[in-house]
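>>> Next come a sequence and a model predicted from it.
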Amino acid sequence: MRAIRTFLISRLARHTAQDADVRRSLVETLYASPASLTIGAVTGTAVGIVIANLSQDPTIDAIVAAVCIVAALRVVTAIFFHRQLVRGTAVASRVWELVYELGAWAYAGLLGLMSFATLVASGNSVMHMLSVSMATGYAGGISGRNAGRVHIAIGQVCLALLPTTTGLWLEGSTGYRVLAVAMVMMILGLAEISSTTHRIVVQALKGKRDQSALAEKFERLARYDSLTGLENRMAMQMRLQDIFDNHMSSHDAVAILWMDIDRFKEINDSLGHIVGDQLLRIVAQRLKEVVRDNGWIARFGGDEFVIICPNADRLTAQTMSREIIEYFAHGFGIGDHHLEVTASIGYAVAPQDGRHMDELMQHADIALYEAKREGRNRASSFSWLFKERFNRVHEIETGLRRAIEGQELKLVFQPIVDLESLHIDACEALLRWEHPTLGPIPPSEFIPIAEGMGIIEDITSWVLRNACLAAASWPTDARVAVNISPASLKSAELPGSVIAALLESGLPARRLELEVTESIFLDDSGQANTILLELQRIGLRLALDDFGTGYSSLSYLRSYRFDTLKVDQSFMAGVSANAEDRAIVRAIGNLARDLAMDTVAEGIETLDQLDHARDAGFTNVQGYLFSRPISCEAVAALIASGPLIPSEEPPIITYPRRRLS
């Protein structure tokens, strides 16, 4: 018996330490099948009643009565817990395990006691067969059914079979004692079966748990941004789609706020991505403080964040946008850096701004574009006028690439006249585009779009090539002036494009003049200066265009050697009536003369303006008084005709007055 006890204790000790989740699942297996427990209870009760009827022994009757009561209580308890388990309201606690454990041991012990009493008190072999069969059958069944809690299973086996074994041995006959020995071996076998089954069940539960944890981890990685902990693009789109599909009627409001950090790339480039990542995390935290429980926040990638606010009207979206921008006004402390960062926000509200998820998202993005276009650090509400402008920009973007390849672009030329001889000294090349459906589009509209698309270098190369080819066909050595975009001056391709155009056309470098504006010096890292010096070394002339407006600084004239100053036409327009304009024009004329620079007065449209330009000492003039922009062939004929006679009634043509700059 000592060996049997040692073996059983070792089987139990192997399974005492378990995770809480696994333990809970094992307890639930005890109540997983009320039907099998009911069958066991009904069978034991029926066999007990038969034995009681055969024996007419008060002791056996009492034991059978106890069997019936315990069986009924176990069935009721199992059904009650199982129903709660199905509803999701049951908790597989230690209390429920103890209830099952006491009921199982009581029932098994009563069956064993009934078998012992029958074997000892009665000589009826039929009763012996019924009681022993019931005990052994029950022990065999529960060794598998209750293997989830192995100590319960082994305890039931022992409680059912040890009294039965004892009764068989005490009965005294050889056959009974052989059966008693076999039953002892059966106890050991059932204990091993229960232990093995338990181990397999535990491993399966742990595998399921690990698989669930892994699936949950991958789901989180798929739905959440690893840097900020916010939902990502996919999760937010799924959430918004669910709102539109299942939780929104035709009149319910939902607002989308689309925000990004102004000039975030500059922070990354200057301070590094580590600082940039820390800034994104702090921004995410501040957004949570503003939004609180009023919506959901997602990081859409980079420095873009989207906020969904259900049941939020336009006023609520405006208020929240203002709060976010005010939060940014406090700045961000990151390590040794204090960053003054601003944000731009665009918001759209359904159903006024869109009745579908994709439409509302697009409109919030368009509103964000408008906020940035208007100067950043602001919030912009979507307007359908924005949509029209966006569609126009999109159509221009689509058509620009085709325009270069399809020869939709063309050049016109406006003469620059020498004031002393009235001969054409140079011609400014002006770019024109006739869109197939939108009609004439001024350069002031499509050039910034081309810069944003990254194709301004292609357009610049095309203009340089065709301007040089045109100038090479003119009958005199008149120069051709080409406006250069600030974006082109940041590209190392410009010198190569200039040289290629000169070589192809055979035009001398001194006959090509590049016009630049002062805006190129505002955000200059030194590259523009390097490129300008390279171009001057090959003999090109440089002109400073629109001098006197915006960001004018005399330091530019000291730092860069320009050949020509072009005075903006806004000064010449008011020179007849405005004494301040006249004083500025005279000052510029004197300054340029002392610096040995040519000067061009733009926008000359009247004889009075011409006289003021001459009095101020300007060397050249340009304007409608002499000629509007005309074709290459027409300007060649005009150059060949000799001195130009100014006329205050020049012929009307259909070209817009704006030039490419």
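Structure's in. What do you need?
>>> what sits up against stretch 174-189?
Residues from elsewhere that reach stretch 174-189, judged by C-beta atoms under 8 Å, 6 or more residues apart in numbering: 4, 7, 119, 132, 136, 139, 157-158, 161-162, 164-166, 168-169, 171. C-beta here means a position set from N, CA and C on the backbone, and glycine is covered the same way.
>>> Could you report the neighbour count for G335?
As a burial measure, G335 scores 9 neighbours (other C-beta atoms under 10 Å).
>>> which one of the contacts of stretch 174-189 is nearest R286?
V157 (64.1 Å; C-beta to C-beta).
>>> about what we covered before: of the contacts of stretch 174-189, buried ones?
Buried residues within the contacts of stretch 174-189, counting neighbours by 16 or more other C-beta atoms under 10 Å: 119, 132, 136, 139, 157-158, 161-162, 164-166, 168-169, 171.
>>> Now render the residues you listed as a markdown table, adding secondary structure.
Compiled in a markdown table, the buried ones among the contacts of stretch 174-189 are given as follows (DSSP: H, G, I helix; E, B strand; the rest coil):
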| residue | secondary structure |
| --- | --- |
| L119 | helix |
| V132 | helix |
| T136 | helix |
| A139 | helix |
| V157 | helix |
| C158 | helix |
| L161 | helix |
| L162 | helix |
| T164 | helix |
| T165 | helix |
| T166 | helix |
| L168 | helix |
| W169 | helix |
| E171 | helix |
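>>> Among these, which pair sits farthest apart?
Among these, the pair separated by the greatest distance (C-beta to C-beta) is V157 and E171, at 21.0 Å.
>>> Could I get the full set of helices for the stretch 301-450 of the chain?
314-328, 357-373, 384-405, 443-453 (DSSP state H, counting those that start in this stretch).
>>> Return the distance of stretch 576-595 from the chain's centre.
55 Å (C-alpha atoms, centre = their mean, to the nearest Å).
>>> Can I get the buried ones among the contacts of stretch 174-189 in TSV including distance to S641?
As requested, the buried ones among the contacts of stretch 174-189 are exported to TSV (distance: C-beta to C-beta, whole Å):
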residue	distance to S641
L119	139
V132	133
T136	127
A139	123
V157	122
C158	125
L161	127
L162	130
T164	132
T165	133
T166	136
L168	137
W169	139
E171	142
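>>> can you list contacts of stretch 529-544?
479, 481, 489, 492, 494-495, 498-499, 502, 508-510, 512-518, 556-557, 559-566, 600.
>>> Of those, grab the buried ones for PyMOL.
Only the buried entries of those go into this PyMOL selection, using 16+ other C-beta under 10 Å:
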select buried, resi 479+481+489+494+495+498+499+502+509+512+513+514+515+516+517+518+557+560+562+563+564+565+566+600
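>>> Okay, and which of the contacts of stretch 529-544 map to strands?
Of these, the ones assigned to strands by DSSP state E are 479, 481, 512-517, 564-566, 600.
>>> quick one: which two of these are the most distant?
R479 and T517, at 18.7 Å, using C-beta to C-beta across the ones in strands among the contacts of stretch 529-544.
>>> about what we covered before: out of the helices of the stretch 301-450 of the chain, which is the most enclosed?
When you average the neighbours per residue for each of those (mean count of other C-beta atoms under 10 Å), helix 357-373 leads with a mean of 21.
>>> hmm, back to that, dump the helices of the stretch 301-450 of the chain to CSV, plus distance to R83 and mean pLDDT.
Below are these laid out as CSV (distance: least, C-beta to C-beta, whole Å; pLDDT from 0 to 100):
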stretch, distance to R83, mean pLDDT
helix 314-328, 46, 92
helix 357-373, 41, 91
helix 384-405, 57, 87
helix 443-453, 66, 89
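>>> Can you add distance to R628 and give these back as CSV?
As requested, the helices of the stretch 301-450 of the chain are exported to CSV (distance: least, C-beta to C-beta, whole Å):
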stretch, distance to R628
helix 314-328, 47
helix 357-373, 32
helix 384-405, 23
helix 443-453, 16
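>>> Looking at these, spot the one closest to C632.
Of all those, it is helix 443-453 that lies closest to C632, at 17.6 Å by C-beta to C-beta.
>>> got the angle for the next helix or strand after that closest one vs helix 443-453?
Following helix 443-453 in sequence order, the next helix or strand is helix 456-472 (DSSP states H and E). Angle of helix 456-472 versus helix 443-453, following axes from the mean of the first three to the mean of the last three C-alpha atoms, to 10 degrees, is 130 degrees.
>>> need the helices for the stretch 1-150 of the chain, in chain order.
Per DSSP H, counting those that start in this stretch, the stretch 1-150 of the chain carries helices over the ranges 2-13, 20-30, 34-55, 58-87, 94-121, 125-145, 150-171.
>>> what's the closest of the ones you listed to P442?
helix 20-30 (70.0 Å).
>>> average pLDDT across that closest one?
For helix 20-30, mean pLDDT is 57.
>>> Same check on stretch 542-555?
Per-residue scores along stretch 542-555 average to 73.
>>> can you list the weak-confidence ranges in the stretch 501-650 of the chain?
Scanning the stretch 501-650 of the chain for pLDDT under 70 picks out 521-526, 548-553, 555-556, 558-559, 648-650.
>>> confidence score at the residue nearest the centre of the chain?
A centroid search over the chain (C-alpha atoms, centre = their mean) returns F300, at 1.8 Å, as the residue closest to the centre. Looking at F300, its pLDDT is 87.
>>> by contact count, what packs against the helix or strand where it lies?
F300 belongs to strand 296-301 when assigned by DSSP H and E. Here strand 296-301 is seen to pack against helix 233-246, helix 273-291, strand 304-310 when contacts are counted using 3 or more C-beta pairs under 8 Å, 6 or more residues apart in numbering; DSSP states H and E.
>>> on that earlier part again, which of the helices of the stretch 301-450 of the chain sits closest to N578?
helix 443-453 (25.1 Å).
>>> Of all the helices of the stretch 301-450 of the chain, which one comes closest to V341?
Nearest of those (C-beta to C-beta): helix 314-328, 5.9 Å.
>>> Could you list the residues in contact with that closest one?
With C-beta under 8 Å, 6+ apart, helix 314-328 has contacts from 255, 257, 259, 286-287, 289-291, 294, 307, 309, 312, 341-343, 345, 347, 349, 352, 377-379, 381.
>>> what's the burial count for the closest residue to F332 other than its chain neighbours?
The shortest distance from F332 to any non-neighbouring residue, by C-beta to C-beta, 6 or more residues apart in numbering, is to L339 (4.6 Å). For L339, the count of nearby residues is 17 (other C-beta under 10 Å).
>>> L339: what's it in contact with?
Contact analysis of L339 by C-beta under 8 Å, 6+ apart lists 267, 279, 331-333.
>>> my read: I152 touches E101, true?
Yes: the criterion here is C-beta atoms under 8 Å, and I152 meets it with E101 at 5.2 Å.
>>> higher neighbour count, the two?
For I152 and E101, the more surrounded residue by other C-beta under 10 Å is I152, and the numbers stand at 23 against 19.
>>> Distance check, the more buried one against A106.
12 Å (C-beta to C-beta, to the nearest Å).
>>> again with G506
For G506, the distance to A106 - C-beta to C-beta - is 113 Å.
>>> Quick one: buried ones out of the contacts of helix 314-328?
255, 257, 259, 286-287, 290-291, 307, 309, 312, 341, 343, 345, 347, 349, 377-379, 381.
>>> Okay, now stretch 310-317: how far is its last residue from its first?
Start-to-end span of stretch 310-317 (C-alpha to C-alpha, to the nearest Å) is 10 Å.
>>> what's the offset of that stretch from the middle of its chain?
22 Å.
>>> what residues are up against G112?
G112 makes contact with 135, 159-164, according to C-beta under 8 Å, 6+ apart.
>>> And the residues you listed, which is the shakiest by pLDDT?
A160 (75).
>>> where does that residue sit relative to V75, distance-wise?
The spacing between A160 and V75, counted by C-beta to C-beta, is 18 Å.
>>> the more surrounded of these two?
Ranked by neighbour count (other C-beta under 10 Å), A160 and V75 place A160 first, with 30 against 19.
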